[in-house]
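Chemist: got a structure for you, letters missing:
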């Protein structure tokens, strides 16, 4: 049976223009069959519905998240939304936390074999197919071996490592620890399902309530720790080179700086990711990449 490829994109209204650009690039660059799932809050469904099509579905929070998790506008925050609950008790969660939950829980609502996480601010710039993520039946596991150290600046990463071990019932890792966080990370759905079952069995409650007891968790770190610490890396092969070239922070890119950035793509990289909080214009990305992507 041929494995099926799913692209998973959590998004929201402020990233709609970037998400539309991602969809356009995906439709142009994907060389085989795929399904694209855009995961959004219920109040954003109408905005994203025009992006739906034969290979693309819009999935609302009401289909993924438990009904007891409620959203509200945080006071004095300029309209920022948080999610929380009293029963069961969970910490107030930001949109970033909820995006992680969406990516994990969607595995229970689709039947594709290989799940690839592509954020709204990603952009495919080279042709690709499932063979970018699947070799000889094994799914690509991004891992930077021993990438999380005791060095300053990695405080959150160390918390994510400890949390992943806690929820999975693994011994606390000794630094340096593996880093599984990047863009275009791929998962094997069957492993995700087994991982969710394990977390819920250990926590005695559903995934949202279990992870919601902490303010600091990383879905990528949890999955990587499961694959290496529980599954013995079965069904995977490790690769330490990112498939996406990412502009993490800095000033908004100009045409000249974008040209310079794209010129540094490695032969293996099939996408770029320009973080939305840099303020880089989606129109600039569309104008520059749209006319040049096929020859990069």
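Modeler: Structure's in. What do you need? All values reported here derive from a predicted model rather than from experimental measurement.

Chemist: quick one: the residue lying closest to residue 271 once chain neighbours are set aside and residue 154, what's the gap?
Modeler: Distances taken as Cβ to Cβ, 6 or more residues apart in numbering place residue 244 nearest to residue 271, at 4.3 Å, with adjacent residues excluded. In short, each C-beta sits where N, CA and C put it, glycine included. Distance of residue 244 to residue 154, computed by Cβ to Cβ, to the nearest Å: 21 Å.

Chemist: Comparing the two, which residue is more hemmed in?
Modeler: residue 244 (21 against 18; other Cβ atoms under 10 Å).

Chemist: give the contact list for that one.
Modeler: 122, 182-184, 269-273 (Cβ atoms under 8 Å, 6 or more residues apart in numbering).

Chemist: Can you pull the phi/psi pair for it?
Modeler: Dihedral angles of residue 244 (phi, psi; degrees, to the nearest 10) stand at phi -120, psi 140.

Chemist: same check, this time on residue 272
Modeler: Dihedral angles (degrees, to the nearest 10) for residue 272: phi -120, psi 160.

Chemist: tell me which residues form a beta bridge with it?
Modeler: residue 123, residue 245 (DSSP bridges).

Chemist: And for it, the neighbour number?
Modeler: Neighbour tally, residue 272, other Cβ under 10 Å: 26.

Chemist: about what we covered before: report pLDDT for the residue nearest to residue 271.
Modeler: On pLDDT, residue 244 comes in at 97.

Chemist: cool, residue 6 as well?
Modeler: 98.

Chemist: who's in contact with the residue positioned nearest the centre of the chain?
Modeler: The centre of the chain sits closest to residue 117, judged by Cα atoms, centre = their mean, with a distance of 4.0 Å. Neighbour list for residue 117: 8-9, 103, 183-187, 220 [criterion: Cβ under 8 Å, 6+ apart].

Chemist: Please indicate which of those residues are buried?
Modeler: Among these, those classed as buried by 16 or more other Cβ atoms under 10 Å are 8-9, 103, 183-187, 220.
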